[in-house]
Every structure is written in C-alpha cells, then in structure tokens.
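In: Dropping a prediction and its sequence here:
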Amino acid sequence: MESLSTLLIMAFVIIASVVGISVIQRREQVKAKLAEQISKLRFRANEADRILENFANIPIGAESREILLKFIQLNLSKIQKLSPNNQAINANIASINQKLQAPSLKIDQSRLVIPKNNEQLKLLIKNLNQLASYLQKFQSITKLNQKIPLAVNKISFFDC
C-alpha cells in the first residue's frame, strides 16, 4: 500500500512536470513568433529607410518619397500593435509622421544629372532599379498603390 501511494505521487509529479514544461514551451513559441514578426517588419521598414537615404541627394520626386515613408509607417504601425510599449518604435513613428508632412526635398525640384564616372553611374542605376522593384512590390498594398504610377513618372533623368 505504501509503494502504491509512492507510485501515485511520482506519477503525479511526472505528469505535472510534463504539463508545466509544455505550457512553458508554448509560451516561448508564442514569444519567438512575435519576435520573428517584429523582426520581419523592422527589416522592411529599415530597408525602405535605407533606400530613402540612398536617394537623399537624388531627385526621385515627392511621391516616391511619400510612398516609401508610408511603407515605413505601415510597418512601424504593425510593430506598434504587436508591441505597444516599445518607446523606440513610438519615437520612430512620430519622426515618420513629421517627415510625411513635407516628404519633398529641395533636390526633388531639380533634374537628375547623370554622372560621367562609370562607378557612380552603376551605383545610381543599381539604386534606381532597387527603387523601381520596391515600387512594383508596393502595388499589391492597397494603401500605397494609388500614387505609384505618378511616382514612377516623376523619376526623371534627362540632364547629361
């Protein structure tokens, strides 16, 4: 009888341990999925920001800049929904909202001057191709696709 109660206690402890470990693993999986989603969204926002930085001195038009800023804003808003207490994201959203008030830069009023140096020309073409591919990807996002044709038409480079 004594061994039966000992066996029951051991079985209860084992079952409780297995249940506890399962609950902990599920929580960790949820945290990992959340971190993965946040990481993907942050990567997209950072990539669009990097493209904007590449065109800080190149006229691409206010529309293209606005589309990239709105894409960044969309991704940061999604991160904010997943992690509402993240102060860095809140500050970044405020910064992007401020930039969206006046997305045009002075450089957008001028025409693109094609560089004579082959290396600079290759870099410019690479950056323009990357911008074009991003703009094409954005056509599937309903909040962004209205201004994309106008943005593509504004990218002009006629001065040689």
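Out: Arrived safely, thanks for sending.

In: Any regions of the chain where pLDDT drops low?
Out: Where the chain drops to pLDDT under 70, the residues are 1, 144-160.

In: Walking through the protein, point out its strands one by one.
Out: Here the chain has no strands by DSSP state E.

In: Just the helices from it, written as ranges.
Out: 2-54, 62-82, 87-101, 118-138, 148-154 (DSSP state H).

In: how many other residues sit next to residue 22?
Out: Neighbours of residue 22 under the rule other Cβ atoms under 10 Å: 10. Every residue, glycine included, has its C-beta placed from N, CA and C.

In: now it: how far from residue 48?
Out: As judged by Cβ to Cβ, to the nearest Å, residue 22 and residue 48 stand 40 Å apart.

In: Pull the contacting residues for residue 73.
Out: Residue 73 sits next to 93, 96, 97, 100 when contact means Cβ atoms under 8 Å, 6 or more residues apart in numbering.

In: re earlier: point out the most buried one among the helices of the chain.
Out: helix 62-82 (a mean of 21; mean count of other Cβ atoms under 10 Å).

In: Just want the angle from that one to helix 2-54.
Out: 160 degrees (axes from the mean of the first three to the mean of the last three Cα atoms, to 10 degrees).
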